[in-house]
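>>> Quick one: sequence and predicted model below, then my questions.
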Amino acid sequence: MSKQLQRRCAQRGVAVVTALLLTTLAITIVASLFWQQQVQVRSIENQRLQLQRDWIMRGALDWASMILRASARQFNYDHLGQPWATPLADTRLDQYAQDGQSADAAGDAILSGSIIDAQSRYNLNNLSLNGLPVPDEVANFKRLLGYLHLPTGLATATAQAIADSQPVTAPAGQQTAAKSGSGTLPMLQVNDLLSVPGFTPDIVRKLQDYVVVLPLAGAATPINANTAPAEVLAAYFDNLSLPEANTVVAMRRTAPFRDTDNVQALMGNRLGKIFSPTAKIGPSSNFFLVYGKIRMGRAALNTVSLIQRPANNRASSEIVWIREQ
């Protein structure tokens, strides 16, 4: 074979290799463009789903507020037999679906939730007033811890932690910051108990259904005798045993308390207990916890919100805060 023929064969080989490399490069560039486009499309879909999810949850909160306002217009007391206390099971929002949507879009949105009376639980902010622990409230919390088989010494530590972080009202009536030099952040939710020495995640889990952190109001928040569990009821009365508190819970199912005098009559006549007029207990509530869960394709959201009905206008309501779980 001549040198000229060999040179031509080599040139053809280089041309073939170059063509293959260019083809591979072109395919890589096109594939990268398609991948970037797919990522952008998926990102836009996720943003749309999250936005729709948030709006559905906000609508659910408005619906919960409407139920609470309607109940307040009809009743002067709150109990577990009223519509607000009925949980919402998994509900598919089929009417939200639109033609042409994919299977994982809004048509598959599933909503569930429940409303819990926040004043059925012990308000940890009751433990301190104006930056000082309240002995009677500390005693109440100790009894509650005892009924839950938890260390009662945690009551004193909790009261001091809340007192250290609580705003103090100056004599002139102006509110100042927390105690100077305390360096303690305010307690905003039950999980913040983990910052108090002696508390563990297991202890906090056991307390979740019995305590709450409600906004400061300048006075202790009363519990609702119609909704509080037996342990919380027994904790509020030093002469009320847990079995007697269970009796109260059983009786209120058929005859809920309608006013404070009704609570006093039951404690005195049925149980032979002395009802203190200063006891922080009543038949109604101003604060409610709304738990919501929504699943929409790849997007999911679990929230808990605090709704307040002002004491001077129970027919109105406002959302105090919303937190994701």
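Looks like it came in fine. Numbers count the residues shown, from 1 in each chain.
>>> pLDDT averaged over stretch 73-86 - what is it?
Stretch 73-86 carries an average pLDDT of 93.
>>> Please apply the same query to stretch 192-203.
Per-residue scores along stretch 192-203 average to 94.
>>> okay, it in CSV with CA atoms only?
Taking Å, rounded to 0.1, in the frame of the first residue of the first chain, the C-alpha atoms of stretch 192-203 are listed here in CSV:
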residue,chain,number,x,y,z
ASP,A,192,-39.1,24.8,74.9
LEU,A,193,-39.3,22.9,78.2
LEU,A,194,-36.3,21.0,76.9
SER,A,195,-34.2,24.1,77.8
VAL,A,196,-35.2,23.6,81.5
PRO,A,197,-32.8,21.3,83.4
GLY,A,198,-34.4,17.9,84.1
PHE,A,199,-36.7,17.7,81.1
THR,A,200,-36.1,15.0,78.5
PRO,A,201,-37.9,14.5,75.1
ASP,A,202,-39.8,11.6,76.7
ILE,A,203,-41.1,13.8,79.5
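>>> got a pLDDT number for Gly154?
Gly isn't right for residue 154; it's Leu. For Leu154, pLDDT reads 96.
>>> Using the three-state scheme, assign the nearest residue in space to it that is not next to it in sequence.
Excluding the flanking residues, the one nearest Leu154 by C-beta to C-beta, 6 or more residues apart in numbering is Gly198, at 5.1 Å. Every residue, glycine included, has its C-beta placed from N, CA and C. Here Gly198 is recorded as coil under DSSP: H, G, I helix; E, B strand; the rest coil.
>>> Quick check: phi and psi on Gly198?
Dihedral pair for Gly198: phi 100, psi -20, per degrees, to the nearest 10.
>>> could you measure it against Thr156, distance?
According to C-beta to C-beta, to the nearest Å, Gly198 stands 10 Å off from Thr156.
>>> Going along the chain, name the strands of the stretch 51-200 of the chain.
Using DSSP state E, counting those that start in this stretch, the strands of the stretch 51-200 of the chain run over residues 88-92, 110-117, 122-123, 128-129, 132-133, 167-169, 175-178.
>>> now the fourth one: how far from the chain's centre is it?
Spelled out, that is strand 128-129. Here the centre of strand 128-129 is set off from its chain's centre by 24 Å, with C-alpha atoms, centre = their mean, to the nearest Å.
>>> And the second one, by the same measure?
Relative to its parent chain, strand 110-117 has a centroid offset of 10 Å by C-alpha atoms, centre = their mean.
>>> I figured Asn123 hits Leu216, correct?
No. The criterion here is C-beta atoms under 8 Å, and Asn123 misses it with Leu216 at 9.7 Å.
>>> more crowded one of the two?
Asn123 (22 against 17; other C-beta atoms under 10 Å).
>>> Quick check: closest non-adjacent residue to the more buried one.
Spatially, and ignoring its direct neighbours in sequence, Asn123 is nearest to Thr221 (4.2 Å; C-beta to C-beta, 6+ apart).
>>> what do you get for Leu93?
Spatial nearest neighbour of Leu93, chain neighbours left out: Ala109 (4.3 Å); criterion: C-beta to C-beta, 6+ apart.
>>> what number of residues lie near the residue nearest to Asn123?
Neighbour count for Thr221, taken as other C-beta under 10 Å: 21.
>>> tell me the phi and psi of it?
The phi and psi torsions at Thr221 (degrees, to the nearest 10) take the values phi -80, psi 120.
>>> Please name the residues that touch it.
Contact analysis of Thr221 by C-beta atoms under 8 Å, 6 or more residues apart in numbering lists Gln119, Asn123, Asn125, Asn126, Leu214, Lys280, Phe287.
>>> any idea how far Arg258 is from Ile116?
21 Å.
>>> Which of the two has more residues huddled nearby?
Here Ile116 and Arg258 are compared on neighbour count by other C-beta under 10 Å; more neighbours surround Ile116, at 19 against 15.
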